[in-house]
Every structure is written in structure tokens, then in C-alpha cells.
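J.: Fold the following, please.
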Amino acid sequence: MKARSEQFQQLISDYGGGIARVAGTYTRTPEERDDLLQDIWLAIWRALPGFRGEASVKTFIFRIAHNRSVTELARRRPEADDVLLEGVADSAPGPAERLAGQRKSERLQAAVQALPLGLRQVISLRLEGLGYSEIAEVLGISESNVAVRLNRARQRLSNRLGKHSER
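T.: I've put the predicted structure just below:
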């Protein structure tokens, strides 16, 4: 039990931020994200004894995070679709720079949140450093499909952010 607990703590240390960011792409509020995170980490704790090493630990836990997130999304589907409500703090020194950085970050988050779920999934996993084969394994799709979705996500983000920068 102690080894499992230590392994679990190491996973939280190594992947906690990434799992939180992935969970954030499926939720609308910090409270929903925190609830989803709790469900994800509980599922990871329960699944650890069954981990056979057929995939990397990283892929294993991101797959669990994806599955729990999709389950949560399906549960709340009747509600209004994703709307970004939380801001991102920027540590720039001056107030004007902080505000500009925050607005840029909010635009990027809003643009990512506006993507269809399939594109949002691949872009968030790619931003967490997963390779095409790992993303394919997590989402249960082919690597070529990952490439197509990433390309479409990048194009849509570029178009959306390009339009905002012209204003």
C-alpha cells in the first residue's frame, strides 16, 4: 500500500498540472474542474493496481483523464455548451502589461474552448507534450486522425485569433 501511495504522489507531482489543464478543457468553471479532477485522481488511484505497463504511465493516466472527462461531459450535455468563465493571471510586472497579457490569454482560452470537442481534445493533449501516437492511444483514434485534427485546430485557432488581432 505504501508503494502505491508513493507512486500516486509521484504521478500527482509529475502530471498534476497537465491533468488539471486537460480537465479544464472539458469544464466551464474552476469548481467544475476541481470536481472533475477529484474524479480523475480517484479513478487513477483505483486503476493503479491494474496497470500492466503496456503503455507509458503518462499515456495511461491521460487516458483515464480523457475517459472521466468525456463521461462528465456526457452527463452534463443538456446544459448550455462550453463557455469560458475563468481568467488566467499573468505575472507581468506592470498593470498595463498584466492586462494585455491577461486579455491575450483569455482570447486564446476562449478560442480553444470554442473549438469542437474533438479538436479541443487533441490540442490540449498536444500542449501537454503528448506525441501523436500517445494522443492516438489516449483518444482511441489513428495517428493520421490526430494529425488531421491538430491541423484543423491550428487553422481554426489561427483564423479566430487573427480576426481578433485586427480589431
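J.: residues in contact with Phe8?
T.: Ile44, Trp45, Leu48 (C-beta atoms under 8 Å, 6 or more residues apart in numbering). From N, CA and C alone the C-beta is placed, and that goes for glycine too.
J.: Please report the distance of the second one from Gly129.
T.: Going from Trp45 to Gly129 by C-beta to C-beta, to the nearest Å gives 23 Å.
J.: Which one's more surrounded, these two?
T.: Using other C-beta atoms under 10 Å, the more surrounded residue of Trp45 and Gly129 is Trp45, with 16 against 9.
J.: so who does that one touch?
T.: Here Trp45 is in contact with Phe8 (C-beta under 8 Å, 6+ apart).
J.: Which helix or strand contains it?
T.: helix 30-47 (DSSP states H and E).
J.: Gln113 now?
T.: If you go by DSSP H and E, Gln113 is part of helix 95-114.
J.: Now do the very next helix or strand once past that helix and helix 95-114, the angle between them.
T.: Sequence-wise, the next helix or strand downstream of helix 95-114 (DSSP H and E) is helix 117-127. Between the axes of helix 117-127 and helix 95-114, defined by axes from the mean of the first three to the mean of the last three C-alpha atoms, to 10 degrees, the angle is 130 degrees.
J.: hmm, which helix or strand of the protein has the shakiest average pLDDT?
T.: Every helix and strand in the chain was compared by mean pLDDT, DSSP states H and E; the lowest is helix 95-114, with a mean of 78.
J.: which strands and helices sit next to it?
T.: Packing partners of helix 95-114 (3 or more C-beta pairs under 8 Å, 6 or more residues apart in numbering; DSSP states H and E): helix 117-127, helix 143-165.
J.: Tell me the buried residues in the helix holding Trp45?
T.: Applying a neighbour-count criterion of 16 or more other C-beta atoms under 10 Å, one finds Glu32, Arg33, Leu36, Leu37, Asp39, Ile40, Trp41, Ala43, Ile44, Trp45 buried in helix 30-47.
J.: Next: stretch 7-20.
T.: Result for stretch 7-20 [16+ other C-beta under 10 Å]: buried residues Leu11, Tyr15, Gly18, Ile19.
J.: again with stretch 66-75
T.: For stretch 66-75, burial by neighbour count (16+ other C-beta under 10 Å) applies to His66, Asn67, Arg68, Ser69, Glu72, Leu73.
J.: repeat for stretch 118-132
T.: Leu119, Arg120, Gln121, Val122, Ile123, Ser124, Leu125, Arg126, Glu128, Leu130, Tyr132.
J.: surely the first one meets Arg160?
T.: The reference is to Leu119. No. Using C-beta atoms under 8 Å as the test, Leu119 is too far from Arg160 to be in contact (11.6 Å).
J.: Thanks a lot, see you next time.
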